[in-house]
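Participant: can't give you the sequence, but here's the structure:
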């Protein structure tokens, strides 16, 4: 499926949250966040750590996920066979033209 230039691939947009649910969340937002901050002082390390992560995610944004290779080295590489011949690409077998791309997952490069 090809997208037309200047048109959204998702014209309906994201699903809407019901208005009453959004209003409830907004009404209790400060109370909920105060509770999370209080949980940072929990004697249970798992609870405290989860609360700290939540506060930091809200304050700084979530850290990007990264994928490592099998030996822990990164980034992971994924070969893709496109069947498209590129200039200077002389790799072929039995008349089939293959071109392998390595996608560097986690670095946003193709």
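Facilitator: Cool, got the structure. This is a predicted model, so every value here is computed, not measured.
Participant: CA only for contacts and neighbour counts going forward, please
Facilitator: OK.
Participant: quick one: secondary structure of the residue nearest to residue 9 when sequence neighbours are not counted?
Facilitator: Leaving out its chain neighbours, the residue that sits closest to residue 9 by CA to CA, 6 or more residues apart in numbering is residue 3, at 6.2 Å. When classified by DSSP: H, G, I helix; E, B strand; the rest coil, residue 3 comes out as coil.
Participant: Over to residue 3: give its phi and psi.
Facilitator: Dihedral pair for residue 3: phi -90, psi 140, per degrees, to the nearest 10.
Participant: how far away is it from residue 14?
Facilitator: For residue 3, the distance to residue 14 equals 18 Å [CA to CA, to the nearest Å].
Participant: Could you do residue 57 as well?
Facilitator: According to CA to CA, residue 57 and residue 14 sit 22 Å apart.
Participant: Of those two, give the one with the bigger neighbour count.
Facilitator: Neighbour totals were compared for residue 57 and residue 14, and residue 57 leads with 12 against 7 (other CA atoms under 10 Å).
Participant: which ones are touching the more buried one?
Facilitator: Residues near residue 57 by CA atoms under 8 Å, 6 or more residues apart in numbering: residue 63.
Participant: what's the helix or strand for it?
Facilitator: helix 45-60 (DSSP states H and E).
Participant: Averaged pLDDT, that helix. What do you get?
Facilitator: Taken as a whole, helix 45-60 carries a mean pLDDT of 92.
Participant: next one: stretch 23-42
Facilitator: Rounded mean pLDDT across stretch 23-42 is 93.
Participant: Also stretch 4-19?
Facilitator: For stretch 4-19, mean pLDDT is 76.
Participant: Now do that stretch: everything it contacts.
Facilitator: Taking CA under 8 Å, 6+ apart as the rule, stretch 4-19 contacts residue 3.
Participant: Start the count at 18 instead of 1 going forward.
Facilitator: From this message on, residue numbering opens at 18, which makes the last subject stretch 21-36.
Participant: That's all I had, so thanks and see you.
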